[in-house]
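Chemist: Could you work out the structure for the sequence below:
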Amino acid sequence: MDHSFSPNSAQHSFQPTPASIDTCVNELYSSLPNRGKPPSSTGEWTVLSAIVCHNETSKDLHVVSLATGSKCCGPGLINEFGGGRVLHDSHAEVLARRGLVYAILREILDGSSSLRRPLLASKSPPTLNPALSFHLYISESPCGDAAIYPLADTTNTTNFTGAKIVSSHVSTTATTTTTNNNHTQLKTSSDQITLTRESEEQTLSSLRLKSGRSNLQPSQRSLSHSCSDKILRWCTLGLLGSLSPLKINLASVVCAHDPTTTISAQELALVRAIRGRGASCSVSVVPSVFESSRMAKKKSHKKVSASGQSINYNHFDEGKGKGGHHYTEVTVGATGALQSKGKKKSKKRNLEEASSAPPPEPPQPPSRLSRRSLVELSLRAKPMETTPKTYSQIKLCLTSKEYQAKKEEAMKGVLKGWICCGEENDFIF
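Modeler: Presented below is the predicted three-dimensional model:
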C-alpha cells in the first residue's frame, strides 16, 4: 500500500504542512508489521520519528526512514562487543537520521531503478535531486533543552527533562565516569567535564547528555548527547554527517503535542532549543497525540513503561518483507543489538521485564544502521587505494575539507563543549 501524501494535481502551490507530515508518518507506522511495536494491550510506550521527503516538482510527500525507541547503550556493552556493531543511541530521532544516511549510501551504490521515489538526480557523481526538501517528525519534543517547558495544569512547574547538563564548555573526549550525588565527573584525555543533574531550576539553551536513572553504574550511563543537541548539530553540519559525499539540510522539525502543556509553550521551547541556538530550520507542534506515546498509554493503563525495543523502516528496502510487505528491522535499545527471532514470548508481558535490558549477547550480525554497516557502505561508495585501519581514520579520510572546517568552527561556537567518543569506542575495521 502506498502511504505517501499527494494532493490533487490542480493544487500546484502545495507545500508540506506540519499536519500533512504528521499524517504521512502515522499512516505508514500503522501499516508496518507489529513485531517490535508496543502492544496496544499493554502500557508499553515508545517515541516515533521519521525523515520525510517532499518533492516540489511532483508535490509528493513520503517517508524515507522511520524509527521508534527511547533507549541507549552504555559504554560497558559498547566496549565489550566493540567493532562498531552496537547502536550507541537508539532514540527514535537518531535512528531515523541514520536511516537517511543508509538510504543515500544504498542508492549511490545500487542505483534507483528499484525505487519509486529516488533521492538522487544522478549517481556519478552523486547529486541530490534539487527539488527535494527533508523534514524531521517526532512524536514528542526531543529530549534535552526542547523538553523544558511549563506544565499547563500546575503553577510555576516546569517539565523536567532528566538530561544531564554539561557544566563545562571544553570540547574533549570522554573516557571514564565517576558519580557523586548530583554530579558526574568525566575524566578525559585533555580535561575533566562535570555533568549536573538539576533538582529544581533548569538551565536553558545548554548542551546535555541523555537522561538515565540515578542508580546506574558508570558503565551503563550513556555518553550520547540529548536529541535536542543532536538536531542542532544536524542543522549546523548537515543531516548526513561525514560518511556521505552529499550534504542535506533539514527544512523543518515537526513535533506532536504533549497534552501536559500548551501547544504554544511546547513550540516556544522547540524554537529556543533549535532556532535560538543558531539553526535556520522551521519548527512547529501539531495538535495530535501518537497512539503509542507515553501520554496516550497513561490514559488507558495504570502502569506504563518504556518499550525496550526499537524498529526501523527504510524506503530503500521497501517491499522486502514477507509476501512483499513492509520490512522493519527490530533492535534492542539497551544493548544496541538486533533482536533475536528465535525466542518465544509470553502472551502476558511484564512491563518491568519489557523495559529492562535482556542478558548481553554478541550482536551478530550488526544492525544495518550500526557504525560498522554504514562505514562499509561508505567505503564501497568511495573506494580508497589504501583503506585506513580504524573507524576514526576512515571517517577522517571520507570527510571533506569543507565539512571538517565547518565542524571545527562549530565546536568552538554553537557546539562548544560537545563530548566526543573516546579511543575505547574506536575500532579496527
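
Chemist: can you give me the strands for the stretch 301-429 of the chain?
Modeler: Ranges of strands within the stretch 301-429 of the chain are 305-306, 309-314, 328-332, 337-338, 419-420, based on DSSP state E, counting those that start in this stretch.

Chemist: Please name the strands paired to the second one in the sheet, noting orientation.
Modeler: Read that as strand 309-314. strand 60-68 (antiparallel), strand 328-332 (antiparallel) (DSSP bridges).

Chemist: cool, and the fourth one?
Modeler: When sheet partners are counted by DSSP bridges, strand 337-338 sits next to strand 328-332 (antiparallel).

Chemist: Check the first one too.
Modeler: Here strand 305-306 has these sheet partners by DSSP bridges: strand 44-45 (parallel).

Chemist: about what we covered before: now the strands paired with strand 309-314 as CSV including distance to residue 156 and mean neighbour count?
Modeler: To be clear about C-beta, it is placed using only N, CA and C from the backbone, and glycine gets the same treatment. Shown next, in CSV, are the strands paired with strand 309-314 (distance: least, C-beta to C-beta, whole Å; neighbours: other C-beta atoms under 10 Å):
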stretch, distance to residue 156, mean neighbour count
strand 60-68, 34, 25
strand 328-332, 39, 23
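
Chemist: nearest to residue 382, of these?
Modeler: strand 60-68 (21.2 Å; C-beta to C-beta).

Chemist: OK, contacts around residue 17?
Modeler: When contacts are counted by C-beta atoms under 8 Å, 6 or more residues apart in numbering, residue 17 touches no other residue.

Chemist: ignore the last one, residue 226
Modeler: 142-145, 161, 163, 207-211.

Chemist: rerun that using 10 Å as the cut-off
Modeler: Applying C-beta atoms under 10 Å, 6 or more residues apart in numbering, we find residue 226 in contact with 91, 142-147, 161-166, 206-211, 232, 273.

Chemist: Take these and keep only those in strands.
Modeler: 91, 164-166, 208-209 (DSSP state E).

Chemist: So which of those residues is the closest to residue 102?
Modeler: residue 91 (16.6 Å).

Chemist: For beta bridges, what are the partners of the closest one?
Modeler: Assigned bridge partners for residue 91, using DSSP bridges, are residue 70.

Chemist: What strand or helix carries the one residue sitting closest to the centre of the chain?
Modeler: For the chain, the residue nearest the mean C-alpha position is residue 94 (1.3 Å; C-alpha atoms, centre = their mean). For residue 94, the host element (DSSP states H and E) is helix 92-110.

Chemist: In that helix, which residues are buried?
Modeler: Neighbour-count burial for helix 92-110 flags 92-108 (criterion: 16 or more other C-beta atoms under 10 Å).

Chemist: need the helix or strand of the chain with the lowest average pLDDT.
Modeler: helix 351-355 (a mean of 46; mean pLDDT, DSSP states H and E).

Chemist: Around residue 151, how many other residues sit close by?
Modeler: 16 (other C-beta atoms under 10 Å).

Chemist: change the start of the numbering to 12 and stick with it
Modeler: That works, and once the first residue is 12, the last one we named lands at residue 162.

Chemist: For it, give me its contacts.
Modeler: 168-171, 269, 271-273, 276.

Chemist: now do residue 99
Modeler: Residue 99 touches 83-86, 88-89, 105, 221, 233-235, 347, 381-382, 432, 436, counting by C-beta under 10 Å, 6+ apart.

Chemist: Let me know the pLDDT of it.
Modeler: pLDDT, residue 99: 91.

Chemist: And residue 190, by the same measure?
Modeler: At residue 190, pLDDT is 50.

Chemist: again with residue 271
Modeler: On the pLDDT scale, residue 271 gets 94.

Chemist: Check residue 327 too.
Modeler: So, for residue 327, pLDDT stands at 92.

Chemist: So it versus residue 130, what's the distance?
Modeler: 9 Å (C-beta to C-beta, to the nearest Å).

Chemist: Also residue 243?
Modeler: From residue 243 to residue 130 the distance is 24 Å (C-beta to C-beta).

Chemist: Dump the strands of the stretch 312-440 of the chain into JSON lines; add distance to residue 51 as well.
Modeler: What follows is the strands of the stretch 312-440 of the chain, written out as JSON lines (distance: least, C-beta to C-beta, whole Å):
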{"stretch": "strand 316-317", "distance to residue 51": "15"}
{"stretch": "strand 320-325", "distance to residue 51": "15"}
{"stretch": "strand 339-343", "distance to residue 51": "17"}
{"stretch": "strand 348-349", "distance to residue 51": "24"}
{"stretch": "strand 430-431", "distance to residue 51": "38"}
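
Chemist: which of these sits most buried?
Modeler: strand 320-325 (a mean of 26; mean count of other C-beta atoms under 10 Å).

Chemist: residues touching the closest residue to residue 398 other than its chain neighbours, list them.
Modeler: Distances taken as C-beta to C-beta, 6 or more residues apart in numbering place residue 390 nearest to residue 398, at 6.5 Å, with adjacent residues excluded. Shown in contact with residue 390 (C-beta under 10 Å, 6+ apart): 116, 254, 398-399, 405, 408-409, 440.
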